[in-house]
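Q: When you get a sec, could you give me coordinates for this:
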Amino acid sequence: MTTFPRHSGSALAAALLLATAGLTLGGPGTALAQGSSDASADTAHDAENESTPRSVWHHDIGLGYRQLASRTEALAERLQASCGEAGIDRLALRSEWLAAYQAWQAVRFVDFGPIEVDSRAWQLQFWPDAKNLVGTRVGARLRQDAPVSADDIAEAGVAEQGFPALEVLLYDDVMASRSLGDSLPCALAGAIGSHLVAVSDAVVADWQAFAPHYLANDSYNEATLHGAMQSLEILEDKRLGEPLGLMGAAPNAYRAEAWRSGQSVALAAASLAGLQQYFEPGLATWLDQAGHAELGDAFARQLEDTLDQAEAIDTGIVDALAEHADGDSSSPAAQQELATLYLEVAQLRALLDDQIAPALGVVKGFNSSDGD
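A: Next up is the predicted model:
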């Protein structure tokens, strides 16, 4: 299975790092270890009050994780309340789903620490999905006789556990003749929602417990920067370049995230907004302390320009690439807007990779998205 690129290597390494931070490792409900001491909490609090890149990042990323937990809770509550309803408000459900999915995208650049335990990132979002495993597995669940429980989803594969699985229930043709308020699909949606809450809550708790280790180790400056670098690489190459046909192959809109819902660009914008909210302030602190404040200003400007471009696009990749029967594009203007977004992301990535990272003494290195 293809994995998101990570700077630190295996999940075992992440688990060992978390163990040193005082965590009890387990399933998605992993919480603070019983043995965490008040002294460790005090040390973390003191370190957070210092103006260091990691103190800024730990605080800001923690805000992002709490936002994710809040949004998934709201989504799960609405899903549960919908069961048995005859005239279910699918638009409201879709809105809650998108808000929670965007909250995940905003912190997706963090690819180390608690999010690595038990493949939590994959539990939240199984993608790429070249074989349509999400559609296949969710469709199979809908053909079962008995409703699915939260325990069933917790023990299932990642293709059935996250936001893409809910997207099938909210948008796919498999639900064209069914109501999401019916017992079986609603139980499935509710179980997936409950699992998203469990994973999100676990990450919130574990990120706080991770504080002493994160704040005490200088290597996490580089790890956090690498996470942002790889996030932009994935956004440029995989989330935009490949579906738009800018990576050497023909355009294929079905390689895009969230192609069923047409929210691929909205999710890209959420990733950029997350970098602006949860990454850029810590980066600016590091660059300022290293005597390169001008690079921090340049990154902030380019990030703002890129985010503005993403938020100005009101169509998805599937619609933008749709063709008429005569083979002509139905939306050349939308394609141009997406191409411009791709170039803006490429410029942002080049600034971070080729100017900022070297100025901070960080070497990009090899990662799993580079190929053989």
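Q: any weak-confidence spans in the chain?
A: 1-50, 323-330, 365-372 (pLDDT under 70).
Q: Longest helix in it, please.
A: Identified as the longest helix of the chain according to DSSP state H is helix 53-82.
Q: how far out from the middle of the chain is that one?
A: Taking Cα atoms, centre = their mean, to the nearest Å, one finds helix 53-82 lying 12 Å from the centre of the chain it belongs to.
Q: again, but for stretch 235-245
A: For stretch 235-245, the separation from the chain centroid amounts to 16 Å (computed by Cα atoms, centre = their mean).
Q: about what we covered before: tell me what the longest helix of the chain is packed against?
A: For helix 53-82, the elements it packs on are helix 38-49, helix 90-107, helix 183-209, helix 211-216, helix 219-234, helix 280-289, judged by 3 or more Cβ pairs under 8 Å, 6 or more residues apart in numbering; DSSP states H and E. Where C-beta positions appear, they are placed from N, C-alpha and C, glycine not excepted.
Q: Reformat those helices as CSV; add mean neighbour count and distance to Y254.
A: Below are these laid out as CSV (neighbours: other Cβ atoms under 10 Å; distance: least, Cβ to Cβ, whole Å):
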stretch, mean neighbour count, distance to Y254
helix 38-49, 14, 44
helix 90-107, 21, 18
helix 183-209, 23, 22
helix 211-216, 20, 38
helix 219-234, 22, 17
helix 280-289, 20, 32
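Q: For T315, find the nearest of these.
A: When the helices and strands packed on helix 53-82 are compared by Cβ to Cβ, helix 90-107 sits nearest T315, at 15.1 Å.
Q: Export only the CA atoms of the helix or strand just after the closest one, formatted as PDB.
A: Using DSSP states H and E, the helix or strand that follows helix 90-107 in sequence is helix 120-124. Only the C-alpha atoms of helix 120-124 are listed here, as PDB (Å, rounded to 0.1, in the frame of the first residue of the first chain):
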ATOM      1  CA  ARG A 120      -4.200   7.200  12.000                       C
ATOM      2  CA  ALA A 121      -3.700   9.400   8.900                       C
ATOM      3  CA  TRP A 122      -4.900   6.500   6.700                       C
ATOM      4  CA  GLN A 123      -7.800   5.900   9.100                       C
ATOM      5  CA  LEU A 124      -8.900   9.500   8.500                       C
END
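Q: got the contact list for helix 120-124?
A: Helix 120-124 is touched from outside by 3-4, 28, 104, 108, 111, 114-115, 158, 161-163, 195-196, 199-200, 202-203, with contacts defined as Cβ atoms under 8 Å, 6 or more residues apart in numbering.
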